[in-house]
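task: produce atomic coordinates for the following.
(one chain, ligands or ions: 1)
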Amino acid sequence: MLLKDKVIFLTGGSKGIGFECAKKYAEAGAKVMIVSNDAPSLATALSELGESHSAVFCDISNAEDVANAIDYTLLTYGKIDVIHNNAGIAHPSKPLHETGADEWDHLFNTNLKGIYHTTKSGLNALIHSQGCILNTSSLVGEIGQENHAVYAATKGAVNALTKSMALDYARHKIRVNAVAPAGVWTQMLEDWGREQDDVAGIRKYLDGIHALGYCPSGDVIADVCVFLVSSQARFITGVIMPVSGGAELGYRRTNE
Ligand SMILES: NC(=O)c1ccc[n+]([C@@H]2O[C@H](COP(=O)([O-])OP(=O)(O)OC[C@H]3O[C@@H](n4cnc5c(N)ncnc54)[C@H](O)[C@@H]3O)[C@@H](O)[C@H]2O)c1
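Numbering: from 1, shown residues only. Okay, here's the model as predicted:
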């Protein structure tokens, strides 16, 4: 029970990687507040997790929504030990010059400003609990990605923010880290695949980019997240941890 009685505020916890994290956090003994802007998946996720956990509808790009969700968590559990900023969007998949100003704003307001909002509203609670922050970044924040410039830019900014936050909050004993997946089979990846030229070849392509030879499910990310938010990682801060099956290694692979 690595996370016994820890309270975890988990954005995007209703689906995909976030829901895999919610299940592993619960298994490790934590109480999870799943936070999402998708009411149907919130309800389904909560019914699967069980009644010692909670859910709150919240758009992380909206400061007031986030403040209310943090207040609700403190009212429900009396403390917050971990803020896991996992919610994100990846649409649209386009080069920079084809990306609309509204699309730019939506990506940055969700993937980056969401972290600003949870930190503004939740930092005092973390100071009190000497808790930690975990951000779900992406490998493309480090290596870039063709046809996905603005998404990659948001994740590059998440990496810089993670390191800067780690420095600023170390004085409060708050650790700040990030996980950086390459591909993970979720709704987001399915939708991204449909935006690519070779839709039929996407599965083979995604297996091929990982040196370990397959595109995983979210459980591989969730296991690392449990470690990073636990006391086992008590001397790790400011780290962007690839959980990528070696996708960043060596020269570009082909599927031949
Ligand atoms: N799937 C991948 O291949 C992959 C790879 C690298 C990084 N990531 C990152 O992992 C994270 C999770 O992605 P996923 O693949 O599980 O996506 P997903 O689409 O399956 O789930 C996204 C979750 O975020 C929530 N969400 C989206 N916008 C929100 C908002 N404005 N307010 C509140 N909640 C919001 C959704 O409701 C959902 O619960 C994202 O940050 C994503 O960028 C995913």
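
pull up the residues of this structure that are close to the ligand.
By Cβ under 6 Å from any ligand atom, the residues of the chain that approach the ligand are 11-12, 14-18, 36-38, 41, 58-61, 86-90, 110, 136, 138, 181, 183-184, 186-189. All C-beta atoms are positioned from the backbone trio N, CA, C, and that covers glycine.

I'd like to know which of those residues are buried.
Buried by 16 or more other Cβ atoms under 10 Å: 11-12, 14-18, 36-37, 41, 58-61, 86-90, 110, 136, 138, 181, 183-184, 186, 188-189, out of those.

among the residues you listed, which ones are in strands?
Thr11, Ser36, Thr136, Pro181 (DSSP state E).

any chance of TSV for those residues, columns pLDDT?
Shown next, in TSV, are these (pLDDT from 0 to 100):
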residue	pLDDT
Thr11	98
Ser36	98
Thr136	98
Pro181	98
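
the residues you listed: which two are farthest apart?
Greatest spatial distance among these (Cβ to Cβ): Ser36 and Pro181, at 18.6 Å.

so where do the helices sit in the protein?
Taking DSSP state H to define them, one finds helices in the chain at 16-27, 39-49, 63-77, 101-111, 113-129, 140-143, 149-169, 187-194, 202-209, 219-229.

how about those in JSON lines, adding distance to Gly245 and mean pLDDT?
Converted to JSON lines, the helices of the chain look like this (distance: least, Cβ to Cβ, whole Å; pLDDT from 0 to 100):
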{"stretch": "helix 16-27", "distance to Gly245": "15", "mean pLDDT": "98"}
{"stretch": "helix 39-49", "distance to Gly245": "26", "mean pLDDT": "98"}
{"stretch": "helix 63-77", "distance to Gly245": "33", "mean pLDDT": "98"}
{"stretch": "helix 101-111", "distance to Gly245": "23", "mean pLDDT": "98"}
{"stretch": "helix 113-129", "distance to Gly245": "26", "mean pLDDT": "98"}
{"stretch": "helix 140-143", "distance to Gly245": "14", "mean pLDDT": "98"}
{"stretch": "helix 149-169", "distance to Gly245": "18", "mean pLDDT": "98"}
{"stretch": "helix 187-194", "distance to Gly245": "14", "mean pLDDT": "95"}
{"stretch": "helix 202-209", "distance to Gly245": "9", "mean pLDDT": "94"}
{"stretch": "helix 219-229", "distance to Gly245": "8", "mean pLDDT": "98"}
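
out of these, nearest to Ala247?
Minimum separation from Ala247 across the helices of the chain (Cβ to Cβ) falls at helix 202-209, 5.1 Å.

leaving out chain neighbours, which residue sits closest to the residue in the stretch 51-200 of the chain positioned nearest to the ligand?
In the stretch 51-200 of the chain, the residue that lies nearest the ligand is Gly88 (2.4 Å; Cβ to the nearest ligand atom). Closest residue in space to Gly88, ignoring its immediate chain neighbours: Asn111 at 4.8 Å, by Cβ to Cβ, 6 or more residues apart in numbering.

next: Glu195.
Ser93 (4.0 Å).

quick one, phi psi at that neighbour?
phi -90, psi 100 (degrees, to the nearest 10).

am I right that it is in contact with Trp192?
Yes. Shown here, Ser93 and Trp192 form a contact pair, counting by Cβ atoms under 8 Å, at 5.6 Å.

mutual contacts of these two, please.
Residues touching both Ser93 and Trp192 by Cβ atoms under 8 Å, 6 or more residues apart in numbering: His148.

who touches the residue nearest to Gly88 in this structure?
Counting by Cβ under 8 Å, 6+ apart, Asn111 touches Gly88, Ile89, Tyr151, Thr154, Lys155, Val158.

kind regards, and thank you for your time.
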